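Asks: Okay, predicted coordinates and the sequence, questions at the end:
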Amino acid sequence: MYRTFNLQNNMTPITNSTLRQHKYSIEQLEKYINDLNMKTLVNTQKLTIDFCVKYILNEEYAQCNEEVDLLTVHYVSYNQPHLDEAELLNAYYKF
């Protein structure tokens, strides 16, 4: 299984490729958010509702039109099964 990657011990930046190999904390992901693909984030990392609303469901962080169309509340809740879809939807509309 994946291991959590401690960025403090290794100064290698987070990339879309390393997302597939390691798990990162929310704080680490936020540091590199502008360089990361939102779809890859949703499919590889365990995210919080706040993170999903702030970045994943926010069109400003999408890298292409495909991401805007694909990254919906339903898609996120499907790929992040630990999140409650109703809570995610509620947070999204409050944002």
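Replies: Nice, I can see it.
Asks: so Val76 is in which element?
Replies: Assigned by DSSP states H and E, Val76 belongs to helix 73-79.
Asks: which other helices and strands contact that helix?
Replies: helix 38-44, helix 85-94 (3 or more CB pairs under 8 Å, 6 or more residues apart in numbering; DSSP states H and E). Using the backbone N, CA and C atoms, a C-beta is placed for each residue, glycine as well.
Asks: buried sites along that helix?
Replies: Applying a neighbour-count criterion of 16 or more other CB atoms under 10 Å, one finds Val73, Tyr75, Val76, Ser77, Asn79 buried in helix 73-79.
Asks: thinking again about what came up before, just put the helices and strands packed on helix 73-79 in JSON lines and tack on mean pLDDT.
Replies: Shown next, in JSON lines, are the helices and strands packed on helix 73-79 (pLDDT from 0 to 100):
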{"stretch": "helix 38-44", "mean pLDDT": "97"}
{"stretch": "helix 85-94", "mean pLDDT": "97"}
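Asks: mind checking which of those is nearest Val53?
Replies: Nearest to Val53, of all the helices and strands packed on helix 73-79, is helix 85-94, at 4.9 Å by CB to CB.
Asks: Buried by neighbour count: which residues of that closest one qualify?
Replies: Leu88, Leu89, Ala91, Tyr92.
Asks: How about residues contacting the helix or strand bottoming out on mean pLDDT in the chain?
Replies: Ranking every helix and strand in the chain by mean pLDDT, DSSP states H and E puts helix 65-70 at the bottom, with a mean of 88. Contacts with helix 65-70, where a contact means CB atoms under 8 Å, 6 or more residues apart in numbering, come from Asn37, Met38, Lys39, Glu59, Ala62.
Asks: Which of these sits closest to Ser25?
Replies: Ser25 lies nearest to Met38 out of those, by CB to CB, at 17.4 Å.
Asks: quick one, what contacts that closest one?
Replies: Counting by CB under 8 Å, 6+ apart, Met38 touches Tyr55, Ile56, Tyr61, Ala62, Gln63, Glu67, Leu71.
Asks: Among those residues, which one has the most neighbours?
Replies: Within those, most neighbours by other CB atoms under 10 Å means Ile56, with 25 neighbours.
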